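Novice: How does the following fold in three dimensions:
(one chain, ligands or ions: 1)
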Amino acid sequence: MVRKALITGVTGQDGSYLAEFLLAQGYEVYGLVRRSSSSSLSRINHCAEKLHIVSGDLLDQFSLMDAISETQPDEIYNLASQSYVPTSWTQPALTAEYTAIGVSRLLEAIRRCKPDARFYQASSSEVFGQPDESPQTELTAFRPRNPYGVAKAYAHWMTVNYRNQYDLYAGCGITYTHESPRRGKEFVFRKITRGAVLIKLGMLSELKLGNLDARRDWCHAQDAVKAMWLMMQQDQPDDFIIASGETHSVRELVQCAFEHVGLNWQDYVSIDPAFYRPNEPVELVGAMDKIKTKIGWQPEYSFEQLVQSMVDHDLKELSQSQ
Ligand code: GDP
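Specialist: Here you go, the predicted model:
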């Protein structure tokens with residue numbers, strides 16, 4: 001029997017990698033896509049022929065029930081959300097609608113239409129906000145510090161509660177920042193790798209950044225989606241931290257990216273307070289012991305390999321566009 005998977009957020013970075021990964025595993029893959037007057041399918045164009053697009057929206061309960069009834073998926077991955085932290089401050093209610101209540105709607109749809117489906121909920125390290133321990137584990141208290149983190153915390157606990165209350169196979173993967181050439185250009189990793197390349201090619205003279213001391217636990221999105229899938233293959237549903245287990249500062253990232261194109265970052269980077277965050281989480285780093293021991297997952301890309309592969313990608317893409 002061919003296994004079927006439904007992915008929300010299939011047009012995003014993680015959704016597109018997961019779709020590719022599942023197609024390669026022989027799954028029939030359905031991607032839930034919001035209706036929009038302009039196409040947003042650029043990340044999945046290359047596999048569009050094999051992918052089944054289903055229309056639906058996390059804001060619309062009936063559309064989720066229809067999508068699940070019609071496709072009867074064995075696995076459902078919820079990767080859709082309003083995921084940009086600064087936007088969660090300017091549109092907090094909409095962020096909550098998609099990122100929090102959207103998950104309630106999805107869980108209700110699963111419970112009513114396909115209760116034996118396995119459900120992956122994309123939790124985020126932003127639920128920890130200002131954590132009182134480092135590294136964070138699956139048991140660390142949630143102290144979110146922005147509307148996105150608050151919405152993700154709600155979604156996390158709803159998933160756990162539906163698992164307990166209705167015996168659903170549902171688990172949350174608490175991912176830390178994960179990057180790839182498909183990452184939005186507003187996120188700092190991509191902004192820096194692209195910025196270094198633009199400067200190298202003479203297309204930009206200065207890169208403006210915020211807090212260089214902010215530290216993050218970064219891994220490759222391809223590594224992260226493999227962890228999501230592995231989580232759904234276990235006998236029992238459970239929640240796991242998906243992280244590299246090490247942190248690097250934005251400063252180290254800048255240095256590594258500029259070095260890779262043969263430039264001294266200090267000559268080109270300036271600080272712009274506009275990119276500073278209110279209530280910045282200090283240091284987010286995930287303990288990966290549980291996922292490593294129970295599932296046998298660990299990232300394949302090192303930090304340096306991740307930076308260099310993204311710089312190489314941006315160099316190729318931007319050189320062609322010149
Ligand atoms: P996320 O906050 O982990 O989802 O990802 P971002 O890539 O948006 O931000 C990562 C970190 O980089 C945050 O701690 C920011 O404060 C820091 N940062 C420093 N300069 C910048 C910048 O110019 N843009 C962004 N987006 N973040 C920056």
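
Novice: Tell me where the stretch 51-200 of the chain has helices.
Specialist: Taking DSSP state H, counting those that start in this stretch as the criterion, the stretch 51-200 of the chain contains helices spanning 61-71, 85-90, 92-95, 102-113, 147-166, 188-200.

Novice: other SSEs contacting the last one?
Specialist: So the one you mean is helix 188-200. Applying 3 or more Cβ pairs under 8 Å, 6 or more residues apart in numbering; DSSP states H and E, we find helix 188-200 packed against strand 207-209, helix 250-260, helix 303-321. Glycine gets a C-beta too; all of them are placed from N, C-alpha and C.

Novice: tell me which parts of the chain are close to the ligand?
Specialist: Taking Cβ under 6 Å from any ligand atom, the part of the chain that reaches the ligand is made up of 85, 177, 186-189, 191, 209-211, 214, 216, 250, 275, 277, 280.

Novice: PyMOL command for the buried members of those?
Specialist: Listed next is the PyMOL selection for buried residues among the residues of the chain next to the ligand, using 16 or more other Cβ atoms under 10 Å:
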select buried, resi 85+177+188+189+191+209+210+211+214+216+250
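
Novice: what's around the nearest residue to residue 313 once chain neighbours are set aside, how many residues?
Specialist: Spatial nearest neighbour of residue 313, chain neighbours left out: residue 181 (4.1 Å); criterion: Cβ to Cβ, 6 or more residues apart in numbering. Neighbour count of residue 181, defined by other Cβ atoms under 10 Å: 18.

Novice: measure the residue of the chain most remote from its centre to residue 167 for me?
Specialist: Of all residues in the chain, residue 267 has its C-alpha farthest from the mean position, at 32.1 Å, by Cα atoms, centre = their mean. Distance from residue 267 to residue 167, counting by Cβ to Cβ, to the nearest Å: 60 Å.

Novice: ok so, going back, could the helices of the stretch 51-200 of the chain be laid out in a markdown table, adding mean pLDDT?
Specialist: Listed next are the helices of the stretch 51-200 of the chain as a markdown table, based on pLDDT from 0 to 100:
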| stretch | mean pLDDT |
| --- | --- |
| helix 61-71 | 98 |
| helix 85-90 | 94 |
| helix 92-95 | 97 |
| helix 102-113 | 98 |
| helix 147-166 | 98 |
| helix 188-200 | 96 |
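
Novice: Just say which of those is most tucked in.
Specialist: Sort the helices of the stretch 51-200 of the chain by mean neighbour count, taking mean count of other Cβ atoms under 10 Å, and helix 188-200 sits at the top with a mean of 23.

Novice: relative orientation of it and helix 303-321 in degrees?
Specialist: 50 degrees (axes from the mean of the first three to the mean of the last three Cα atoms, to 10 degrees).

Novice: So which elements touch the worst-scoring helix or strand of the chain on mean pLDDT?
Specialist: Least confident helix or strand of the chain, by mean pLDDT, DSSP states H and E, is strand 215-216 with a mean of 90. Packed against strand 215-216 by the contact rule (3+ Cβ pairs under 8 Å, 6+ apart) you find strand 248-249.

Novice: for the strand it packs on, packing partners?
Specialist: Applying 3+ Cβ pairs under 8 Å, 6+ apart, we find strand 248-249 packed against strand 215-216.

Novice: Which residues does the strand it packs on contact?
Specialist: 176, 177, 247, 248, 249, 250, 282, 283, 284, 285 (Cβ atoms under 8 Å, 6 or more residues apart in numbering).

Novice: Look up how far residue 206 lies from the nearest residue to residue 255 once chain neighbours are set aside.
Specialist: Computed as Cβ to Cβ, 6+ apart, the closest residue to residue 255 that is not its neighbour in sequence is residue 265, at 5.5 Å. Distance, residue 265 to residue 206, using Cβ to Cβ: 11 Å.

Novice: who's more crowded, these two?
Specialist: Of the pair residue 265 and residue 206, residue 265 is the one with more neighbours under other Cβ under 10 Å, namely 22 against 11.

Novice: ok, now which ones touch that one?
Specialist: Residue 265 makes contact with 196, 254, 255, 257, 258, 259, according to Cβ under 8 Å, 6+ apart.
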